[in-house]
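S.K.: Take this sequence and fold it.
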Amino acid sequence: MATAEKSRSALWNPQRRTFTGGLILVITLVAFEAMGLGTALPTIVAELDAQRWYSWPFTVFLAASAIGTVIGGRQSDRRGPALPLLLALPTFAVGLVIAAAAPNILVLLAARVLQGLGGGVLIVALYVMIARVYPEEHRPAAFGALSSAWVVPALVGPVIAGLLTEHASWRWVFLGLAPLVCIGTAMLIPTVRRFGARSGEPSPLRRGLPLAALGAAGGVVALSFAAQNLSWSSLVLGLVAIAVLVPSIRLLLPKGTLLARSGLPVMVLARGLLAGLFFTAQAFVPLTLSVVHHYSPTAAGVPLTVGSLGWTVGALWQSRQRKFRREYLVATGSLLVGAGIAGLSLALPEWGPHWLVFACWFVAGTGMGIGVASTAVRVLALSAEHERGFNSAALQISDMLGQAALVGLGGVVVSALATPTAPTRGVVPLDLALLVGALLAAWLLIRAGRDQTS
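M.R.: Below is the predicted model of the structure:
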């Protein structure tokens, strides 16, 4: 208990409390925008007569985020995190304003590109700032606070977005956040000026990173499109996307990541596996509850909110753990994600106890909170100061690619084995395969932890 109190005081002492408050506010606003868009999007595409573009606001945001992540990491290592951070926030805010004023879908997509670029740079620069502002023993608490910033948006973001869309205009979902982003920026500036300049030896020049970022972004978009539009031509497109992604990944991730080498590589790989496993299983929860168990759209989305609450609980719990290696904590998170997914395979069939989904997804969310925060803490601890940007960017890239690859593959599996009226024929085998993936990830992490202690 004393350790937890000390961590909280480190976050809110006079030297850091303004930065901590700005950090939480900025991430809360990013989360509100992410949660609100899904609620408002049906109305947006209907008003802009762009139903065929429905998934593209998400897709272009993801692709731009990949580019922004790499740019943010590169510039944070070479110049310090101050300039990337102070450019990212206005870019994100301008994207919000343009989206609010968008007369057509193309302008909206351009605004989403700006938001994605700003958001990608922002996350990496904040990771580097956390490493500079907080002592190593208090970084778990900082990442716990980062995760807790998603709680309120997860609970009320869709509701507020729905009310604004219904009683005012969907444009306020974007426009209402822009002034608050400016306030968050103002709260961050004093600490950024103190800790954000380049220090120590310069980062080594990594050639090809911008091109690799474009390759990763294009590959993610092509892979997502191919997974959503199954045909022979999309199969070719998917193969081309993989051919582009593989060499890009080799440049964007630490050497040995795909081989799960101990240290940085296995932590970066674990982040991608956790994200892919969790979000792939989650993608089919509302569908199955709606079709098989006849939940309303609102009720079918409640497990996602429950999972967000579990995520926060897990992130806060890991912030108090000092005795265990981070590899073992991430392995614990992976096992909890696997347990939640295993429960889904029992709860989602027509004969299953559908109420079990809520408990299962709280458990899985708790595992994600432990795993995501712990991978960030461990990667920063293992990184030289001039490589924190690159390695933090690698975490985000691994996260994005894990989601894109496994969600796309999951869609193929479910479409091949199931029908729209009987999705569990595909969802249950998929969940069992994801369970195996979670167990494999835990084994790799336990092995890595033993290697580090031997």
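S.K.: Which strands and helices lie in contact with the helix or strand containing Ala64?
M.R.: Ala64 is located in helix 56-79, with elements delineated by DSSP states H and E. With contacts taken as 3 or more CB pairs under 8 Å, 6 or more residues apart in numbering; DSSP states H and E, helix 56-79 sits against helix 17-47, helix 82-101, helix 105-133, helix 209-228, helix 388-417. Quick note: C-beta positions are derived from backbone N, CA and C, even for glycine.
S.K.: Dump the ones you listed to JSON lines, plus mean neighbour count.
M.R.: Output for these, formatted as JSON lines (neighbours: other CB atoms under 10 Å):
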{"stretch": "helix 17-47", "mean neighbour count": "20"}
{"stretch": "helix 82-101", "mean neighbour count": "21"}
{"stretch": "helix 105-133", "mean neighbour count": "24"}
{"stretch": "helix 209-228", "mean neighbour count": "21"}
{"stretch": "helix 388-417", "mean neighbour count": "23"}
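S.K.: Which one of those lies nearest to Asp451?
M.R.: Ranking those by proximity to Asp451 (CB to CB) places helix 388-417 first, at 18.9 Å.
S.K.: Name all residues that make contact with the nearest residue to Leu273 once chain neighbours are set aside.
M.R.: Of all residues not flanking Leu273 in the chain, Ala441 sits nearest, at 4.5 Å (CB to CB, 6 or more residues apart in numbering). Listed by CB atoms under 8 Å, 6 or more residues apart in numbering, the contact set of Ala441 reads Ala270, Leu273, Leu274, Leu277, Ala331, Ser334.
S.K.: and if we set it to 7 Å?
M.R.: Ala270, Leu273, Leu274, Ser334 (CB atoms under 7 Å, 6 or more residues apart in numbering).
S.K.: among the residues you listed, which ones are buried?
M.R.: Among the contacts of Ala441, those buried by neighbour count (16 or more other CB atoms under 10 Å) are Ala270, Leu273, Leu274, Ser334.
S.K.: And the last one, which helix or strand is it part of?
M.R.: Mapping Ser334 onto the secondary structure by DSSP H and E places it in helix 326-347.
S.K.: for the helix or strand just after that helix, packing partners?
M.R.: Counting by DSSP H and E, the next helix or strand C-terminal to helix 326-347 is helix 356-382. Under the contact criterion of 3 or more CB pairs under 7 Å, 6 or more residues apart in numbering; DSSP states H and E, helix 356-382 touches helix 105-133, helix 139-148, helix 264-283, helix 285-291, helix 302-318, helix 326-347, helix 388-417.
S.K.: In a markdown table, list these along with distance to Val427 and mean pLDDT.
M.R.: Listed next are those as a markdown table, based on distance: least, CB to CB, whole Å; pLDDT from 0 to 100:
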| stretch | distance to Val427 | mean pLDDT |
| --- | --- | --- |
| helix 105-133 | 29 | 91 |
| helix 139-148 | 27 | 84 |
| helix 264-283 | 9 | 92 |
| helix 285-291 | 5 | 82 |
| helix 302-318 | 14 | 88 |
| helix 326-347 | 8 | 94 |
| helix 388-417 | 6 | 84 |
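S.K.: Looking at those helices, which is nearest to Ala154?
M.R.: Ranking those by proximity to Ala154 (CB to CB) places helix 302-318 first, at 3.5 Å.
S.K.: Any chance you could list what contacts the closest one?
M.R.: Contacts with helix 302-318, where a contact means CB under 7 Å, 6+ apart, come from 140, 143-144, 147-148, 150-151, 154-155, 282, 285, 329, 333, 357-358, 361-370, 373-374.
S.K.: Let's see the ChimeraX selection covering just the buried ones among those residues.
M.R.: Buried residues within the contacts of helix 302-318, by 16+ other CB under 10 Å, are selected in ChimeraX with:
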select :140,143,144,147,148,150,151,154,282,285,329,333,357,361,362,363,364,365,366,367,368,369,370,373,374
